[in-house]
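S.K.: Need a 3D model of the following:
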Amino acid sequence: MITECEPTIASWSNDGEVIEIKDISQFESEVMPKYFESVKFSSFTRQLNFYGFHKIQFAISQKKESDNDSKKMLRFCHKLFQRNKPELMADITRSTHSNSADTDNQEQAIENLKESLFKTKQKLSSMANECHLKIDQLENLFDERVERVKKMLEDDSDEEIKNGQEGDDSHDHTDFDLKQNPFE
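M.R.: Residues are numbered from 1 along each chain as shown. Got it, this is the predicted structure:
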């Protein structure tokens, strides 16, 4: 089809690995009716996609400044669709969910991601449990030390009462036994 087409409408790229549709309206009206039931270019591109063709951008450096139509040109490629290698075309198949290697790879990737996500959730849950346990331990330790300090202050206050220093505001209430660290 591309080889028999008028080069101003569609042709192979210089390397023979890309088809170039240069005039979409002429391609639609003159070429497509010879080979396809549908004469809509959008249907043609959809079929190309089903068969694994990829639309590629036309590099600006390859455009001729005088070629105003180059902006409208579309390029498609497929690793098994190459000029002068018709034997490769036999392996081009329409993508379906049952025979697509890409789908199998995607499904395997999804399963791998699900497994990784599950393991990550387990780790996160374990870490959260450890954090809660540590927080509980710290809260208990804090409560114990607060009680220890209260007891020390009460003992100090009781000793002051015994010594008759009750009501003496000039006395510093921080003179408890520094040999015993309340935070140990």
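S.K.: Can you spell out which helices and strands pack onto the host helix or strand of residue 43?
M.R.: Assigned by DSSP states H and E, residue 43 falls within helix 41-50. If you count contacts as 3 or more C-beta pairs under 8 Å, 6 or more residues apart in numbering; DSSP states H and E, helix 41-50 packs onto strand 74-77. No exception for glycine: its C-beta is placed from N, CA and C like everyone else's.
S.K.: In its sheet, which strands sit next to the strand it packs on, and in what direction?
M.R.: strand 18-21 (antiparallel), strand 54-56 (antiparallel) (DSSP bridges).
S.K.: Let me know the average pLDDT across it.
M.R.: Strand 74-77 carries an average pLDDT of 93.
S.K.: Output that strand in PDB with nothing but the alpha carbons.
M.R.: The C-alpha coordinates for strand 74-77 follow below in PDB (Å, rounded to 0.1, in the frame of the first residue of the first chain):
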ATOM      1  CA  LEU A  74       1.900  11.900  10.700                       C
ATOM      2  CA  ARG A  75       4.500   9.100  11.200                       C
ATOM      3  CA  PHE A  76       3.900   5.600  12.400                       C
ATOM      4  CA  CYS A  77       6.300   2.700  13.100                       C
END
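S.K.: Show me which helix runs longest in the protein.
M.R.: Ranked by residue count and defined by DSSP state H, the top helix of the chain is helix 101-162.
S.K.: gap between that helix and the chain center?
M.R.: 29 Å (C-alpha atoms, centre = their mean, to the nearest Å).
S.K.: What average pLDDT does it get?
M.R.: Average pLDDT, helix 101-162: 89.
S.K.: other SSEs contacting that helix?
M.R.: Of the remaining helices and strands, none touches helix 101-162 by 3+ C-beta pairs under 8 Å, 6+ apart.
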